[in-house]
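Engineer: Quick one: sequence and predicted model below, then my questions.
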Amino acid sequence: MKQNMKRVFYDLLTIKKEIAAAILIFAVGIYLGYTEPAQFAWILRSQLDQLKQMSELLQHHHLLMFFQIFINNTLLAILTLFSGVVLIFPIAWLLINGMIIGYLFSSLPAATNVGLLIAKGLLPHGLFELPAIWIASAYGIRFGVVMLSSLFRLVNQEQRQRAKQEIEHFANRSIPMIIFLTIILLMAAIIESTITPWLMNK
(Lines give C-alpha, C1' and ligand atoms only; values in the text may rest on other atoms or scores of the structure.)
Protein backbone atom coordinates (compact mmCIF):
# COMPACT_ATOMS: atom_id res chain seq x y z
CA MET A 1 0.00 0.00 0.00
CA LYS A 2 2.80 2.40 0.94
CA GLN A 3 4.59 1.59 -2.32
CA ASN A 4 1.39 2.26 -4.28
CA MET A 5 0.97 5.65 -2.62
CA LYS A 6 4.56 6.58 -3.50
CA ARG A 7 3.79 5.57 -7.06
CA VAL A 8 0.65 7.73 -7.09
CA PHE A 9 2.49 10.82 -5.84
CA TYR A 10 5.26 10.24 -8.39
CA ASP A 11 2.63 9.97 -11.13
CA LEU A 12 1.02 13.21 -9.96
CA LEU A 13 4.36 14.94 -10.48
CA THR A 14 4.62 13.55 -14.00
CA ILE A 15 1.21 14.98 -14.97
CA LYS A 16 1.58 18.35 -13.24
CA LYS A 17 1.25 20.19 -16.57
CA GLU A 18 -1.97 18.34 -17.34
CA ILE A 19 -3.27 19.11 -13.82
CA ALA A 20 -2.52 22.80 -14.37
CA ALA A 21 -4.34 22.61 -17.73
CA ALA A 22 -7.31 20.89 -16.05
CA ILE A 23 -7.57 23.63 -13.41
CA LEU A 24 -7.38 26.29 -16.14
CA ILE A 25 -10.14 24.62 -18.20
CA PHE A 26 -12.28 24.32 -15.05
CA ALA A 27 -11.72 28.03 -14.33
CA VAL A 28 -12.73 28.88 -17.91
CA GLY A 29 -15.92 26.89 -17.32
CA ILE A 30 -16.69 28.91 -14.17
CA TYR A 31 -16.06 32.14 -16.07
CA LEU A 32 -18.32 31.14 -18.97
CA GLY A 33 -21.10 29.95 -16.66
CA TYR A 34 -20.93 33.17 -14.64
CA THR A 35 -20.56 35.73 -17.44
CA GLU A 36 -22.72 34.06 -20.12
CA PRO A 37 -25.43 32.16 -18.21
CA ALA A 38 -28.09 32.66 -20.90
CA GLN A 39 -25.85 31.18 -23.61
CA PHE A 40 -25.37 27.91 -21.75
CA ALA A 41 -28.65 27.64 -19.82
CA TRP A 42 -29.95 24.98 -22.23
CA ILE A 43 -26.99 22.75 -21.36
CA LEU A 44 -26.94 23.38 -17.63
CA ARG A 45 -30.61 23.48 -16.64
CA SER A 46 -31.17 19.77 -17.22
CA GLN A 47 -28.08 18.98 -15.14
CA LEU A 48 -29.21 21.29 -12.34
CA ASP A 49 -32.78 19.97 -12.43
CA GLN A 50 -31.47 16.43 -11.97
CA LEU A 51 -29.27 17.53 -9.07
CA LYS A 52 -32.18 19.40 -7.47
CA GLN A 53 -34.53 16.42 -7.79
CA MET A 54 -31.94 14.08 -6.31
CA SER A 55 -31.24 16.51 -3.46
CA GLU A 56 -34.94 16.90 -2.62
CA LEU A 57 -35.52 13.16 -2.81
CA LEU A 58 -32.58 12.24 -0.60
CA GLN A 59 -32.33 15.24 1.74
CA HIS A 60 -33.63 13.25 4.71
CA HIS A 61 -31.83 10.03 3.76
CA HIS A 62 -28.18 10.78 4.36
CA LEU A 63 -26.99 7.21 3.79
CA LEU A 64 -28.71 6.99 0.40
CA MET A 65 -27.38 10.44 -0.48
CA PHE A 66 -23.87 9.31 0.44
CA PHE A 67 -24.06 6.24 -1.81
CA GLN A 68 -25.58 8.23 -4.69
CA ILE A 69 -22.87 10.91 -4.53
CA PHE A 70 -20.02 8.45 -4.04
CA ILE A 71 -21.03 6.01 -6.79
CA ASN A 72 -21.87 8.76 -9.28
CA ASN A 73 -18.63 10.70 -8.73
CA THR A 74 -16.41 7.62 -8.66
CA LEU A 75 -17.85 6.18 -11.87
CA LEU A 76 -17.49 9.55 -13.60
CA ALA A 77 -13.89 9.88 -12.40
CA ILE A 78 -12.95 6.41 -13.68
CA LEU A 79 -14.76 7.05 -16.97
CA THR A 80 -12.93 10.36 -17.36
CA LEU A 81 -9.59 8.77 -16.54
CA PHE A 82 -9.93 6.25 -19.38
CA SER A 83 -12.02 8.33 -21.79
CA GLY A 84 -8.99 10.37 -22.74
CA VAL A 85 -8.84 8.06 -25.74
CA VAL A 86 -11.28 10.54 -27.32
CA LEU A 87 -9.65 13.46 -25.45
CA ILE A 88 -12.76 15.66 -25.67
CA PHE A 89 -14.56 13.97 -22.74
CA PRO A 90 -12.18 15.08 -19.92
CA ILE A 91 -12.20 18.61 -21.32
CA ALA A 92 -16.00 18.64 -21.61
CA TRP A 93 -16.40 17.29 -18.06
CA LEU A 94 -14.16 20.03 -16.68
CA LEU A 95 -15.98 22.75 -18.60
CA ILE A 96 -19.46 21.56 -17.61
CA ASN A 97 -18.57 21.19 -13.92
CA GLY A 98 -17.04 24.66 -13.93
CA MET A 99 -19.98 26.13 -15.84
CA ILE A 100 -22.47 24.69 -13.34
CA ILE A 101 -20.67 26.46 -10.49
CA GLY A 102 -20.43 29.72 -12.45
CA TYR A 103 -24.09 29.50 -13.50
CA LEU A 104 -25.21 28.93 -9.92
CA PHE A 105 -23.26 31.94 -8.67
CA SER A 106 -24.68 34.11 -11.46
CA SER A 107 -28.19 33.16 -10.30
CA LEU A 108 -27.68 34.20 -6.67
CA PRO A 109 -29.55 37.22 -5.29
CA ALA A 110 -27.40 40.35 -5.04
CA ALA A 111 -27.58 40.31 -1.24
CA THR A 112 -26.08 36.81 -0.97
CA ASN A 113 -22.89 36.49 1.05
CA VAL A 114 -20.93 34.59 -1.60
CA GLY A 115 -17.89 34.02 0.62
CA LEU A 116 -20.03 32.45 3.34
CA LEU A 117 -21.88 30.32 0.79
CA ILE A 118 -18.60 28.98 -0.61
CA ALA A 119 -17.27 28.31 2.89
CA LYS A 120 -20.40 26.40 3.92
CA GLY A 121 -21.72 24.87 0.72
CA LEU A 122 -18.70 24.19 -1.49
CA LEU A 123 -15.44 24.26 0.42
CA PRO A 124 -15.95 21.37 2.90
CA HIS A 125 -16.44 18.63 0.29
CA GLY A 126 -14.86 20.62 -2.55
CA LEU A 127 -11.44 20.39 -0.91
CA PHE A 128 -11.55 16.68 -1.80
CA GLU A 129 -13.93 16.52 -4.76
CA LEU A 130 -12.42 19.26 -6.92
CA PRO A 131 -8.82 17.91 -6.82
CA ALA A 132 -10.23 14.47 -7.70
CA ILE A 133 -11.99 15.97 -10.74
CA TRP A 134 -8.81 17.78 -11.81
CA ILE A 135 -6.57 14.74 -11.34
CA ALA A 136 -8.93 12.32 -13.13
CA SER A 137 -9.30 14.77 -16.02
CA ALA A 138 -5.54 15.40 -16.18
CA TYR A 139 -4.94 11.66 -16.31
CA GLY A 140 -7.55 11.38 -19.06
CA ILE A 141 -5.89 14.16 -21.04
CA ARG A 142 -2.49 12.45 -20.71
CA PHE A 143 -4.04 9.16 -21.84
CA GLY A 144 -5.52 10.93 -24.86
CA VAL A 145 -2.14 12.38 -25.78
CA VAL A 146 -0.51 8.94 -25.46
CA MET A 147 -3.19 7.35 -27.65
CA LEU A 148 -2.98 10.06 -30.31
CA SER A 149 0.81 9.93 -30.44
CA SER A 150 0.65 6.12 -30.78
CA LEU A 151 -1.45 6.48 -33.94
CA PHE A 152 1.42 8.26 -35.66
CA ARG A 153 3.80 5.44 -34.75
CA LEU A 154 1.88 2.59 -36.36
CA VAL A 155 3.87 2.69 -39.59
CA ASN A 156 7.18 1.96 -37.87
CA GLN A 157 7.59 -1.37 -36.06
CA GLU A 158 10.04 -0.03 -33.47
CA GLN A 159 7.88 3.01 -32.76
CA ARG A 160 4.79 0.80 -32.65
CA GLN A 161 6.39 -1.38 -29.97
CA ARG A 162 7.34 1.70 -27.97
CA ALA A 163 3.77 3.02 -28.20
CA LYS A 164 2.45 -0.34 -26.99
CA GLN A 165 4.78 -0.20 -23.97
CA GLU A 166 3.61 3.34 -23.13
CA ILE A 167 -0.05 2.28 -23.22
CA GLU A 168 0.67 -0.77 -21.03
CA HIS A 169 2.64 1.42 -18.62
CA PHE A 170 -0.26 3.86 -18.42
CA ALA A 171 -2.74 1.03 -17.78
CA ASN A 172 -0.59 -0.36 -14.94
CA ARG A 173 -0.21 3.10 -13.36
CA SER A 174 -3.95 3.71 -13.51
CA ILE A 175 -4.88 1.06 -10.91
CA PRO A 176 -3.19 2.77 -7.89
CA MET A 177 -4.55 6.10 -9.17
CA ILE A 178 -8.12 4.74 -9.24
CA ILE A 179 -7.72 3.55 -5.64
CA PHE A 180 -6.36 6.96 -4.62
CA LEU A 181 -9.22 8.83 -6.33
CA THR A 182 -11.80 6.46 -4.81
CA ILE A 183 -10.48 7.23 -1.31
CA ILE A 184 -10.62 10.99 -1.96
CA LEU A 185 -14.15 10.78 -3.39
CA LEU A 186 -15.25 8.60 -0.47
CA MET A 187 -14.18 11.35 1.93
CA ALA A 188 -15.88 13.98 -0.26
CA ALA A 189 -19.14 12.00 -0.33
CA ILE A 190 -19.16 11.56 3.46
CA ILE A 191 -18.71 15.31 3.95
CA GLU A 192 -21.19 16.30 1.21
CA SER A 193 -23.93 14.04 2.59
CA THR A 194 -23.47 15.00 6.25
CA ILE A 195 -21.40 18.08 7.10
CA THR A 196 -22.35 20.22 4.08
CA PRO A 197 -26.16 19.93 4.62
CA TRP A 198 -25.66 20.60 8.34
CA LEU A 199 -23.63 23.74 7.63
CA MET A 200 -26.13 24.98 5.02
CA ASN A 201 -28.96 24.67 7.55
CA LYS A 202 -27.11 26.61 10.24
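Structural biologist: The structure has been received and is ready for your questions.
Engineer: Check which residues of stretch 108-122 are buried.
Structural biologist: For stretch 108-122, a neighbour-count test (16 or more other CB atoms under 10 Å) marks 120-122 as buried. Where you see a C-beta, it was placed from the backbone N, CA and C, and this is true even at glycine.
Engineer: Next: stretch 194-202.
Structural biologist: Buried-residue list, stretch 194-202, by 16+ other CB under 10 Å: 194, 196-197.
Engineer: and the helix or strand residue 91 falls within, what does it pack onto?
Structural biologist: If you go by DSSP states H and E, residue 91 is part of helix 88-106. For helix 88-106, the helices and strands in contact under the criterion 3 or more CB pairs under 8 Å, 6 or more residues apart in numbering; DSSP states H and E are helix 16-35, helix 37-58, helix 62-82, helix 123-151.
Engineer: Those into JSON lines, with extra columns for mean neighbour count and mean pLDDT?
Structural biologist: Formatted as JSON lines, those follow (neighbours: other CB atoms under 10 Å; pLDDT from 0 to 100):
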{"stretch": "helix 16-35", "mean neighbour count": "17", "mean pLDDT": "94"}
{"stretch": "helix 37-58", "mean neighbour count": "12", "mean pLDDT": "68"}
{"stretch": "helix 62-82", "mean neighbour count": "17", "mean pLDDT": "80"}
{"stretch": "helix 123-151", "mean neighbour count": "20", "mean pLDDT": "87"}
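Engineer: of these, which approaches residue 5 most closely?
Structural biologist: Judged by CB to CB, the one of those that comes nearest to residue 5 is helix 123-151, at 13.9 Å.
Engineer: what's the nearest residue to residue 105 if we skip its chain neighbours?
Structural biologist: Of all residues not flanking residue 105 in the chain, residue 34 sits nearest, at 5.6 Å (CB to CB, 6 or more residues apart in numbering).
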